[in-house]
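A.B. asks: whatever this is, show me its structure:
(2 chains)
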Amino acid sequence: MNEPLLEVENLTIQFRVKMKLLQSGQSTDKWKRVLNSISISINEGETFGIVGETGSGKTTLARALVGIYKPKNCTIKIYGKKIDFRKRDDLLLLRKKIGIVFQDPVGSLNPRLTVSDIISEGLPTDKKLSNEERECKIKEAAKYVELPESKLESYPPELSGGEKQRVSLARTIIGGKKILILDEPTSSLDVSIQAQILNLLIRLKKELSVSYIFITHDLNVIKYMCDRVAVLYYGEILEQNTAFELFEHPKHPYSEDLIGANFSLSGTNLSTTEHESGEPSKEGCVYKNSCPKRFVACDEDPPILNLGKGQVKCWLYDEKYKSASTKKNTI
Amino acid sequence: MISIPLRDKLSATLLEVKKLQVNFETVDRKIEVLKDISIRIERGEVVGVVGESGSGKSTLAQAIIGVLDVPPAKISEGTIKFEGKDIFPKSDKNNNFRGKGINMIFQEPLTSLNPVYSVHDQMEEAINIGDPALKKKDKEEIIRKTLSEVMIRDVEGILNVYPHQLSGGMRQRVSIAMVLIQKPNLLILDEPTTGLDLIVQRKIIGLVLSLKQAISSSILLITHDLAVAANMCNRIYVMYAGRVVESGSMSDILNNPQHPYTTMLKNSVPEGYMDEGPLKVSAGAPPDLRDLPTGCAFHTRCPFVMDRCKKDIPILKQVKGGREVACWLYE
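C.D. replies: Here you go, the predicted model:
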């Protein structure tokens, strides 16, 4: 297989939470771990999905990949070249190759610029372009995302939600980026508009030969769009597999719960017995407190196990406990 | 069980809305938000109203329960009958249908719960409105019983907590519990699970359906999500630009949608994997109510558009199997 386009190893991000104690007047710092040693790799021409619920760290991961957060002690390789966030050149290279489309199209477009100005923000700054060339490129990008030329002189508040997301997308593709990170690109759109954007994304991927990192909470969309999917839960990837394997044979109990909870048009079994869900655990397996298959081993942090094409982070699939798990040795 | 013969004596139709017209009127213009809406809910039914943003589905719910902002909103025509009595235009001043008659659960529980009331006080308020004469001890008992009915495990722990301290799913449970105290005959759910995580959404919907059985009420579900409606409703009304374009039993509409808009809505939800080809949606966005196209509002996006669609507005007509469609294709 070819060398992966983007490789991330051991990515950990913690936020400092300042706490002021009213009684003593002292302030103390607490660290909250948002992502815990994430390792993913994206191959050329692939759509890699990241699915997770609120607070699982999806957006933080997206931001770290474009260098908005600059984590230490992790390896990010792009085309095999290691990126050091402290070096300006490395950061520029990263941003030249990776673009991002944010979730909220209202917040990510400057309301004081026209659409064509916004799109031109995405042009590389190291090459000087004449005005004609610039205009030509902007028109080309607008054509790719099916944005009518008449809208180029409008301002963002005049556009509909779908059009705003198209402008965002045009700004990202104009610079010839190789990887697009799509952070919930359709979550604020109506279903029929979402379908249009998904069709557009599939077409763009073929025409521009780019790779996507598709972040969403919508399982139907992930299933339709992605080649491989990682399931994120409170900062940890619990399962990584091809979309087909994940949806047809989910391995991790969390993936099972998530896929079982998804509503589909063909009918969902609402009568299945519900198990209680608890807070994510700080020790051992993160899903311990909600897991229906919890057993003795779960008090320790599970290893990441390779299973076929995928990976799963669960003691159930460890050689040691395979027999124990079949006996349903639950607490 | 004893209540069944009593219910048989009452007419089967719980709510009947006839030819409802709602306008938003300002000094210089009049926007028609709902046009010629007729819906009917039988006892024990779960009826869905499905549509995209701007279709008027929330306005319909607000008009039924009587919380429209007047002005600018104004019901200019039509009647709303609940349990055989007129609630619009109001014939009897003492007809207090809200609470035990019709009750509503809103989309965002954080805004529908009072931020300065603890869960206990919030629940007590709901009891006081229904039975102010109850003894303090009985009230306390009802509060605890109802909270445990909505699957809140730690009832004592939650009583003195304020809404902002709860998670989204917990907040929605509290607002369901408040409604449950009143045991309404008709429960209106306005996007009850939008913004909640999948597993929580599934649990809330399972909870609502089991409670519906327990208090034998009917449900009017307002949603944009056809998949959620497919798993909850007996019948649905599909709305587009302020009009009902199709109605019928849920399974009929899913298996054999007749209005081109319903077909598009169904096709917009991705069901399979990528190799199943692009989603079948047409270009364009839901129209702006201030500037509707002439004739059928959907004609600008309809793949089967005819000359007549551009001139005349189709009327909702009965077709086979108790269904109604507003489309010139079926003339």
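
A.B. asks: got the contact list for stretch B:112-131?
C.D. replies: Residues from elsewhere that reach stretch B:112-131 (Cβ atoms under 8 Å, 6 or more residues apart in numbering or on different chains): B:99-100, B:105-106, B:134, B:139, B:142-143, B:146-147, B:158-164, B:166, B:171, B:174-175, B:177-179, B:181-182. For the C-beta atoms, the positions are set from N, CA and C on the backbone; glycine is no exception.

A.B. asks: switch to 6 Å and redo it
C.D. replies: B:99, B:106, B:139, B:143, B:158-163, B:174-175, B:178, B:181-182 (Cβ atoms under 6 Å, 6 or more residues apart in numbering or on different chains).

A.B. asks: quick one: that stretch to chain centroid distance?
C.D. replies: 23 Å (Cα atoms, centre = their mean, to the nearest Å).

A.B. asks: what do you get for stretch A:194-207?
C.D. replies: Using Cα atoms, centre = their mean, the offset of stretch A:194-207 from its chain centre is 17 Å.

A.B. asks: swap in stretch B:63-70?
C.D. replies: Worked out by Cα atoms, centre = their mean, stretch B:63-70 lies 13 Å from the chain centre.

A.B. asks: over to stretch A:63-74?
C.D. replies: Worked out by Cα atoms, centre = their mean, stretch A:63-74 lies 14 Å from the chain centre.

A.B. asks: equivalent analysis for stretch B:153-166, please.
C.D. replies: 28 Å.

A.B. asks: and for stretch A:35-47?
C.D. replies: 9 Å.

A.B. asks: now the residue nearest the centre of chain A, what's its secondary structure?
C.D. replies: Averaging the C-alpha coordinates of chain A gives a centre point, and the residue nearest to it by Cα atoms, centre = their mean is residue A:215 (3.3 Å). At residue A:215, secondary structure determined by DSSP: H, G, I helix; E, B strand; the rest coil is strand.

A.B. asks: OK, contacts around it?
C.D. replies: A:50, A:58, A:62, A:183.

A.B. asks: so which of those sit within helices?
C.D. replies: Cross-referencing the contacts of residue A:215 against helices under DSSP state H gives A:58, A:62.

A.B. asks: can you name the two of the contacts of residue A:215 that are farthest apart?
C.D. replies: Greatest spatial distance in those: A:50 and A:183, 9.3 Å, computed using Cβ to Cβ.

A.B. asks: higher neighbour count, these two?
C.D. replies: residue A:50 (28 against 22; other Cβ atoms under 10 Å in any protein chain shown).

A.B. asks: could I get the contacting residues of the more buried one?
C.D. replies: A:58, A:215, A:230, A:232.

A.B. asks: what subset of the contacts of stretch B:112-131 is buried?
C.D. replies: B:106, B:139, B:143, B:158-159, B:163, B:174-175, B:178, B:181-182 (16 or more other Cβ atoms under 10 Å in any protein chain shown).

A.B. asks: residues in contact with the helix or strand hosting residue A:31?
C.D. replies: Under the criterion of DSSP states H and E, residue A:31 resides in strand A:27-42. Here strand A:27-42 makes contact (Cβ under 6 Å, 6+ apart) with A:4-17, A:19-20, A:48, A:57, A:60-61, A:211, A:235-237.

A.B. asks: so among these, which ones count as buried?
C.D. replies: By 16+ other Cβ under 10 Å, the contacts of strand A:27-42 give A:4-8, A:11-13, A:48, A:57, A:60-61, A:211, A:235-237 as buried.
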